[in-house]
Structures are given as C-alpha cells and as structure tokens.
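Pasting the sequence and the predicted model now:
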Amino acid sequence: MTIMTTKRKHLYRKPVPLKTGSFYVYFRHPKTGKLTPLPQDEESAAFGVAYDNLLASLTAKPRDPNVRIKRNVDTGNVKYLPGTLGWFVEQYLGSEAFNPDSKKAYAKGTRDNYRRALDLLKARLGAGTLADLDQEAVEVYSAEIARQHGPSAGDDQIAMISNLWQFATGFREFKRKGRINPTTRITRHYEHDGEGHLAWTEDAIEKFDSDCPWHLKFVRMGLHYTGQRGGDVVKMKWEDFDGKRLHVVQEKTGKKLWLNCPKPLLEVLKREQRRTNREHIFHHAYDAPYANAQTLSHAIRNRLHDLGLTDFTMHGLRKNAGMELALAGCTVPEIMAVLGHKTPKMALFYCQQAQQATMNENAVVKWDAAIEAGAARKAATKRAQFAVIGKLGNTQRKA
C-alpha cells in the first residue's frame, strides 16, 4: 500500500503482521487518545470521507446521549438472496433462539434488544454477502454507527455480526472459505471506566426522597431493596408478594427467585398492600403501571436531573444493593442469591469493593494515629527545645 505524501493530522499507523509495507490506519483523538479505525487505503474516497468526518467531529457539538437519531430499519419488503446478511438475519430470527416456546430461546429482553440491533444491521448491510466481511469493513461500519447512535450501539452491531457469523457456519450458503470471524480482534467503542453505573450516595438518596412524589420514592425503594433490574421491578404484582417475600422471574436470565424483603421495604409493602386493590405494585403519577424499564428509567432520570444529580442512574440502585450486601459481610453465593447473577463475577466485584472500603477505613484509622503521634513528637521536641533555651537563659541571668 502506498501512503499519501499529503500530511494529515491525528493519524496513527500500525503495521499489519506478516505484511511488509501494509498498515492499519487509525484516527487518534488529540485529547483522549482513542483510536478509531479508518480504511487502509489512504488514497480511497472512503478514507477521505471517514477522515473528514472524524476531523470535523473534534469541533462539532458533542452528541447528546439523551437525543436519539432515528434509525433506518428494514421494512420487510425486501427479499434477500441466500448468503447475504439480510438472509442470515431472517434465518437467525426464525431459529430456536428467538422462539419463546423453545427451551433454547433467549430471554425476552435479550430477544427484543437483539431484534432492534438486527433490524438496523439488515437495513444498513442486508444486501451484502456475510462471508465478504473482513475486520476493516466491520471496524468502519461499527465506527459509523457509534458516531451516529452512540458507542454502545456500535458495539451491538459488532456483537450481532459475530453472532451471525457463528450461526451461519451450519449453512452451505455461507461460503467463507476458511475466513475467521472478522470481529475477533476488534476494539469495542464503549470505554468502560471500571465503575459502570454509580451506586447512589446517601446524600443523593436523601435529596431524591425529599419532597418526592410518593410513587417515585416507593419505586426507588423497590429498586434499591430488591436489587433487581428495572424491567423486573415494573412487572412485580401483589400476587407475587406473600407478606414476607417477593417472587421474581428475571427477564434477562429467566432465573426464578424468592426474595426476602429488607425491613425498610417490607414495612412499606405491607402498608401499601392493605390499602390498594391494584394489580401491580409500582405505579407512575397517573396511577397506572410503568410500561417497561425505559419509562421507569426516564422518570427517575428526570427527577435526578431536576436535582442536578446527573451522575446517577436507575441501574445504580442495583449496585447499591450489591455493595450494601457485601459491606454487611455477605458471601459471594449469598449476593448471587439476592441479585440473581448467573456467574460470581459481579458478586466478587462487590466483595472486593467492600473489602477495599473496609481496608481503606482501617488504614486511615492507622494513618490518623500515626499523624497524631508524629504531631505529638514534634510538639514534645519543641517543648524540650524551649525548656533548654529557658534553662540557658536562667543560667546567663544568674551569671
């Protein structure tokens, strides 16, 4: 590949292994250092368009994550040829993974999320041949989606292409000729900071609850003290409450849980149960159940934003539950039994965070003691010095 002599700013080139003179080309953000893949051919029109868009994005107004760009989705009127992405999407959607009556089916929430991502993929790349996709094509396409709809949407497209590639291996129409999955080595667009959704601080909870409409305070307690996801909380009915426990079938995992309610929530549930004849436990301002997790999330987010608490989210209350359980000394299996995690990864994270917090508290106690001891030594040294000076002064006066 011939590299253009025209000097362009913010480019980073990485040699392609075993291909002398070939490079992966990236746009390096001058502030964050994030690398965005570009087409390898720097003389191509596609490279120029992609580069110009990224350069312009440096001075453009940042995308508002709360404003959604309308997605072009497939209308169902196009008939796709065998071997195309659109054809494999249709085969995938017709498989057991999307059949709610099958034991191999994804959870409903997963099916809904996948359908939305697959609709976008089919509308954008449906006519193309799946086997022709390579790493560069996926990087460029997912980067475009990330710029338009956000980093998570770009990563969703990478995940769907990977799923389709694996699904298609059983079809003779998939003539990949030994090519490997093009998503294997792709860097994801969403930059996880290690924290994810922040647990709410005590001050944030107090501000949220102060002068708060009861329906919002009640559902905040439900999210906090059950530790469940918003989609599961909005579906909770009074028939699921036996006076002590709540029965939950998690939308994401399909896991069935009996949840003993902590006292703050239990007392409120018993009181509300006595004075209501509604089917669902949690309702919005118009005395109807929340339609889904998104509507509940928007209601909580609006309240938080009105208070200037823009760092917190609905899902952060699930982290509150996990952290509080860990700080109370609960084991990994006990935390998993409450939150319903399939693997110990997050429960271990909560325990590690709790251990860090406890160790930090112990360390600071020791640190404070050392600081006080050091200050006491300095004071004693100064007193001794003053005493010596005083004695010398007395001796001189007597002389």
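Thanks, I have it.

Contacts for the helix or strand containing P37, please.
P37 is part of strand 35-38 when elements are defined by DSSP states H and E. Applying Cβ atoms under 8 Å, 6 or more residues apart in numbering, the external contacts of strand 35-38 come out as 11-12, 24-29, 47, 50-51, 54, 136, 139-140, 143, 187. Every C-beta, even on glycine, is put in place using the N, C-alpha and C of the backbone.

ok, it: who's next to it in the sheet?
Take DSSP bridges as the rule and strand 35-38 pairs in its sheet with strand 23-28 (antiparallel).

Now the partner strand - C-alpha only, CSV.
Only the C-alpha atoms of strand 23-28 are listed here, as CSV (Å, rounded to 0.1, in the frame of the first residue of the first chain):
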residue,chain,number,x,y,z
PHE,A,23,-0.6,-0.7,7.9
TYR,A,24,-3.8,-0.5,9.9
VAL,A,25,-4.7,3.2,9.9
TYR,A,26,-6.4,4.9,12.8
PHE,A,27,-7.6,8.4,13.7
ARG,A,28,-6.1,9.3,17.1
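
so where do the strands sit in the chain?
With DSSP state E as the criterion, the chain has strands at 11-15, 23-28, 35-38, 245-249, 256-260.

out of these, nearest to R115?
strand 245-249 (20.7 Å; Cβ to Cβ).

What subset of the contacts of strand 35-38 is buried?
Buried residues within the contacts of strand 35-38, counting neighbours by 16 or more other Cβ atoms under 10 Å: 11, 24-27, 47, 50-51, 54, 136, 139-140, 143.

For M236, see how far away V138 is.
To M236, V138 is 40 Å away according to Cβ to Cβ, to the nearest Å.

Show me the shaky parts of the stretch 1-150 of the chain.
Counting by pLDDT under 70, the stretch 1-150 of the chain shows low-confidence ranges at 1-6, 60-77.

so I145 makes contact with G154?
Yes. Between I145 and G154 there is a contact under Cβ atoms under 8 Å: 4.5 Å.

okay, the strands of the chain, which one's buried deepest?
strand 35-38 (a mean of 21; mean count of other Cβ atoms under 10 Å).

That strand: how far from the chain's middle?
22 Å (Cα atoms, centre = their mean, to the nearest Å).

can you tell which of the strands of the chain is closest to H280?
Closest to H280 of the strands of the chain, according to Cβ to Cβ: strand 245-249, at 12.6 Å.

Identify the residue spatially nearest to E334, adjacent ones excluded.
The shortest distance from E334 to any non-neighbouring residue, by Cβ to Cβ, 6 or more residues apart in numbering, is to L325 (7.0 Å).

Tell me who's in contact with that neighbour.
The neighbours of L325, taking Cβ under 8 Å, 6+ apart as the test, are 227, 334-335, 338-339, 350.

of those residues, closest to T310?
Set against T310, the nearest of those by Cβ to Cβ is G227 (23.2 Å).

For the stretch 101-250 of the chain, which segments count as helices?
Using DSSP state H, counting those that start in this stretch, the helices of the stretch 101-250 of the chain run over 108-125, 135-149, 151-168, 202-209, 214-226, 230-233.

Looking at those, which is nearest to N360?
Closest among these, using Cβ to Cβ: helix 202-209, at 17.1 Å.

and the angle for the closest one with helix 214-226?
Put simply, helix 202-209 runs at 150 degrees to helix 214-226, going by axes from the mean of the first three to the mean of the last three Cα atoms, to 10 degrees.

Which strands and helices lie in contact with helix 202-209?
If contacts are counted by 3 or more Cβ pairs under 8 Å, 6 or more residues apart in numbering; DSSP states H and E, helix 202-209 sits against helix 214-226, helix 293-306.

Check which helices and strands the longest one sits against.
In terms of contacts (3+ Cβ pairs under 8 Å, 6+ apart), helix 293-306 is packed against helix 202-209, helix 214-226, helix 230-233.

again, only this time at 6 Å
If you count contacts as 3 or more Cβ pairs under 6 Å, 6 or more residues apart in numbering; DSSP states H and E, helix 293-306 packs onto helix 230-233.

residue contacts, K256?
Contact partners of K256, counting by Cβ atoms under 6 Å, 6 or more residues apart in numbering, are V249.

Bridge partners for it, pull those for me.
K256 has these beta-bridge partners by DSSP bridges: V249.

Give me the pLDDT for it.
As predicted, K256 sits at a pLDDT of 88.

From A376, how far out is G390?
From G390 over to A376 the distance is 21 Å, taken as Cβ to Cβ.
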